[in-house]
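Engineer: Just need the structure, nothing else, for what follows:
(one chain, ligands or ions: 1)
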Amino acid sequence: MIRPSRGTHIVLPSALLPVNAGAIATGEGGRTIFVLPWLGQTLVGTTDNDYDGDIEHVRPAEEDVDFLLDAAGEFFATELHAGDVAGAFAGVRPLISSGDPRKSVDISRKAELYETSSGMVTITGGKLTTWRRMAKLAVDRIVERNGRHAPCRTHEIPLGMAVEEAGLPRAEGVAEHAYGQLARRYGHAARDVLALALERSELARPILSGHPDLLAEAAYAARREQARSVGDVLLRRTRLGLVGARALCVAGEQAPERVAATIGDELGWDAARRGAEAAAFRAEAREEGIVVTAA
Ligand SMILES: Cc1cc2nc3c(=O)[nH]c(=O)nc-3n(C[C@H](O)[C@H](O)[C@H](O)COP(=O)(O)OP(=O)(O)OC[C@H]3O[C@@H](n4cnc5c(N)ncnc54)[C@H](O)[C@@H]3O)c2cc1C
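Structural biologist: Residues are numbered from 1 along each chain as shown. Below is the predicted model:
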């Protein structure tokens, strides 16, 4: 029932392509893409092509990267090259197949619920912005099937508490530009991240020079967000592996070692394990294709 579709995004340094509002650009064949200010950089994407490759590691397609560079370059009347890309990433959307060979852009992006005769309930498709509705659909179906009375309360449960950047306590050593990102990323829990930086001053340092993400975030990810690898921190908790992939993977950069040491303290890793985990991140980064090599 699923028709997988790969979407590729690239991140360009904002110094190279500064945007302060989202733009919709048109590329070859009339396909539209978004150019957005994102985490201090410029995000360009997405593409949408049928995909049947490896789903363990979904790499940005070279032709998609070229398409995005050409489309953004043409729209903003500037020259953009593969070597300019700060980081790239791709994902596969589990779109619901309509059974006909139309382009995936026409395929339903809605969630669909199925129940087989054995009673297994499956929900497919959907979007990040509709996950609560999807959960409600699935739970309501089971509640109804079991003849129970359990009205949904999900709309009453807040997603978390927002916090103002100015309202955060200052921790010595934390760069001023880090507070805005902490407030946006963690909301009220930014206080817990800052408490770690207050507790151990080395955690107030950035993971990667020039970027606001703190080593305290790596410790927090291991302690509170179930991060168990350097890749969990750099690719899936913070977004450093996406916005700063090239800088992170340059020969001699020790950021993966810093993250391995920080989460190693939380998880009880010895020196050999820390080294192996930093190396494992570099291998994962290669397999994920986050650094675009210039042709
Ligand atoms: C290119 C693209 C663009 C999109 N654009 C939008 C959009 O604009 N708006 C929108 O609302 N939605 C969008 N979506 C959809 C949205 O990203 C997904 O619906 C959403 O991320 C699904 O969340 P999830 O938590 O169910 O799964 P995921 O975000 O996929 O999380 C699953 C996690 O589980 C981990 N995992 C998998 N297997 C294992 C294992 N065995 N052990 C441990 N961990 C494991 C994975 O590494 C992953 O971190 C887009 C998707 C793609 C691919």
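Engineer: Residue 69 contacts residue 80, doesn't it?
Structural biologist: Yes: the pair residue 69 / residue 80 is scored as a contact, 4.4 Å apart, by Cβ atoms under 8 Å. Heads up, the C-betas are built off the backbone N, CA and C, glycines and all.
Engineer: burial count for the residue lying closest to residue 194 once chain neighbours are set aside?
Structural biologist: Distances taken as Cβ to Cβ, 6 or more residues apart in numbering place residue 171 nearest to residue 194, at 4.9 Å, with adjacent residues excluded. When neighbours are counted by other Cβ atoms under 10 Å, residue 171 registers 21.
Engineer: Tell me the spacing between residue 171 and residue 212.
Structural biologist: 13 Å (Cβ to Cβ, to the nearest Å).
Engineer: Can you pull up the residues of the stretch 101-250 of the chain that come close to the ligand?
Structural biologist: Proximity of the stretch 101-250 of the chain to the ligand, by Cβ under 6 Å from any ligand atom, involves residues 126-129, 236.
Engineer: Who are the contact partners of residue 149?
Structural biologist: residue 143 (Cβ atoms under 8 Å, 6 or more residues apart in numbering).
Engineer: what do you get if the cut-off is 6 Å, keeping everything else the same?
Structural biologist: By Cβ atoms under 6 Å, 6 or more residues apart in numbering, no residues touch residue 149.
Engineer: Local confidence estimate at it?
Structural biologist: With respect to pLDDT, residue 149 scores 94.
Engineer: tell me the SS of it?
Structural biologist: What DSSP: H, G, I helix; E, B strand; the rest coil gives for residue 149 is coil.
Engineer: so what's residue 64 closest to, chain neighbours aside?
Structural biologist: Residue 64 sits nearest to residue 8 (Cβ to Cβ, 6+ apart), 3.8 Å away.
Engineer: Dig out what the one you found forms beta bridges with.
Structural biologist: Beta bridges link residue 8 to residue 90, judged by DSSP bridges.
Engineer: and it, what does it touch?
Structural biologist: By Cβ under 6 Å, 6+ apart, the neighbours of residue 8 are 47, 60-61, 64, 90.
Engineer: Neighbour-wise, which one of these leads?
Structural biologist: That'd be residue 60 among the contacts of residue 8, by other Cβ under 10 Å, with 26 neighbours.
Engineer: Name the single longest helix found in the protein.
Structural biologist: helix 271-288 (DSSP state H).
Engineer: taking the contacts of residue 8 one by one, which sit in strands?
Structural biologist: Among the contacts of residue 8, the ones falling in strands (DSSP state E) are residue 90.
Engineer: And the contacts of residue 8, which is closest to the ligand?
Structural biologist: Set against the ligand, the nearest of those by Cβ to the nearest ligand atom is residue 90 (6.8 Å).
Engineer: tell me the contacts of the closest one?
Structural biologist: 6, 8, 58, 60.
Engineer: Pick out whichever of those residues sits closest to residue 111.
Structural biologist: Nearest to residue 111 out of those is residue 6 (Cβ to Cβ; 20.0 Å).
Engineer: burial of the closest one, as a residue count?
Structural biologist: What residue 6 shows, counting by other Cβ under 10 Å, is a neighbour count of 23.
Engineer: OK, contacts around it?
Structural biologist: 49, 51, 90, 92.
Engineer: The same query, at a cut-off of 8 Å, please.
Structural biologist: 47-51, 53, 58, 61, 64, 90-93.
Engineer: Next, give phi and psi for the closest residue to residue 225 other than its chain neighbours.
Structural biologist: Distance criterion Cβ to Cβ, 6+ apart; nearest residue to residue 225, sequence neighbours excluded, is residue 237 at 5.6 Å. Phi and psi for residue 237, reported as degrees, to the nearest 10, are phi -110, psi -60.
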